[in-house]
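Undergrad: Here is my input, please return the structure:
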Amino acid sequence: MDLSSLIGILSGIGFIIGCILLGGPITMFIDAPSIVIVCGGTVSSTMIAYPLGDVLGMFKVSIKVFMFKIEKPEDIIANLTEISNKARKGGLLSIEGDIQGTSDPYLAQALQMTVDGVKTDDIGDIMQKKMDLTKKNLETGSDVFRSMAAYAPAFGMIGTLIGLVQMLANLDDPSAIGPSMSVAMITTFYGAILANLLFTPMSNKLKGRNDAELTNMNIIYEGVLSIREGEHPKLMEDKLKVYLGNAAAKEKK
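TA: Residues are numbered from 1 along each chain as shown. Predicted coordinates for the structure are as follows:
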């Protein structure tokens, strides 16, 4: 569980509700037509912009904002170095046990191809294609949320225009001005909250998750190819440690 995401969202909502309550009842900020305009419009635009599968997959990807477990790159490098030492001393067949012992399907498949004697270029091509596909799938979720962050305020403005038109059309009826003005103002409020408290931060968080996952895949890619080529374990380890600098920089962001 990522506490920073949960605490951030809950505290943001809490601060907004607290400020509202200081000035009056929260019911003033609850308006069904405004919710329909902003939420319905945002979802509709997203469905137009992306295939249905990507939109539905967004809910699955969003789980990574709150629950994300990934192996540390340092541990992956240490594991690959150990495997490399074993392969150098006992041959490639000696690492078959490591295939069964890993929970990473990407690493397991790469090691299995290595043990099976698949050519280095072929192993590299297959791993690269899987990495490209994973990158595409991971980036799609972040892009969907980024698009929703743009659509929500836009529909907030559309709701404002609707409210203003209704208000101007009923200037002779004072009882209708209040509700129309409410829609005009609250839709912009909803759009701004959804974009800045949820969609944009979630897109940024997913991008960071994606970068971390791809860093690990690159480490495995480079490490397995080095093992297949019989490269010295120490040289391989030094090469892979270059990725640690990138991983550390991303963690600080």
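
Undergrad: Contact partners for the one residue sitting closest to the centre of the chain?
TA: Nearest to the mean C-alpha position of the chain, by CA atoms, centre = their mean, lies Leu206 at 2.0 Å. For Leu206, the contacting residues are 61-62, 64-65, 138, 141-142, 145, by CB atoms under 8 Å, 6 or more residues apart in numbering. Every residue, glycine included, has its C-beta placed from N, CA and C.

Undergrad: what do you get if the cut-off is 10 Å, keeping everything else the same?
TA: Applying CB atoms under 10 Å, 6 or more residues apart in numbering, we find Leu206 in contact with 58, 61-62, 64-65, 68, 138-146.

Undergrad: so after the host helix or strand of Ile193, what's the next helix or strand?
TA: Taking DSSP states H and E as the definition, Ile193 sits inside helix 174-193. The helix or strand immediately downstream of helix 174-193 is helix 200-228, counting by DSSP H and E.

Undergrad: Okay, now the unreliable bits of this protein?
TA: 1, 176, 178-180, 246-253 (pLDDT under 70).

Undergrad: Run through the helices of it in chain order.
TA: 3-23, 32-35, 41-49, 52-61, 63-66, 73-90, 96-101, 105-115, 120-169, 174-193, 200-228, 233-240, 242-252 (DSSP state H).

Undergrad: Can you list the buried residues in stretch 47-58?
TA: 50, 54-55, 57-58 (16 or more other CB atoms under 10 Å).

Undergrad: farthest-separated two in those?
TA: Within the buried residues of stretch 47-58, two members stand farthest from each other by CB to CB: Tyr50 and Gly57, at 9.3 Å.

Undergrad: shared neighbours, these two?
TA: 140, 144.

Undergrad: Need the outlier residue of this protein, farthest from its centre.
TA: Asp172 (50.3 Å).

Undergrad: right, and Asp2 touches Ser62 too?
TA: No. Using CB atoms under 10 Å, Asp2 makes no contact with Ser62, being 11.9 Å away.

Undergrad: Need the overlap of contacts for these two.
TA: Common neighbours of Asp2 and Ser62 (CB under 10 Å, 6+ apart) are Lys205.

Undergrad: Contacts only, for Gly159.
TA: Contacts of Gly159 by CB under 10 Å, 6+ apart are 31, 33-38, 41, 183-191.

Undergrad: domain ranges for the protein?
TA: Split into domains by automatic domain parsing, the chain comes to 1-30, 31-61+72-252.

Undergrad: Distance from the chain centre to the longest one, please.
TA: Right, the one you point to is domain 31-61+72-252. 3 Å (CA atoms, centre = their mean, to the nearest Å).

Undergrad: what number of residues lie near Ile37?
TA: 23 (other CB atoms under 10 Å).

Undergrad: wait, Asp104
TA: 15.

Undergrad: same thing with Ala78?
TA: 13.

Undergrad: so it makes contact with Met236?
TA: No. Using CB under 10 Å, Ala78 is not in contact with Met236, being 11.7 Å away.

Undergrad: need the contact list for Val118.
TA: 110, 112, 124, 126, 228.

Undergrad: Of these - the most surrounded one?
TA: Most neighbours among these, by other CB under 10 Å: Ala110, with 27 neighbours.

Undergrad: Surely that residue is in contact with Ile219?
TA: No. Taking contacts as CB under 10 Å, Ala110 lies outside contact range of Ile219: 11.4 Å.
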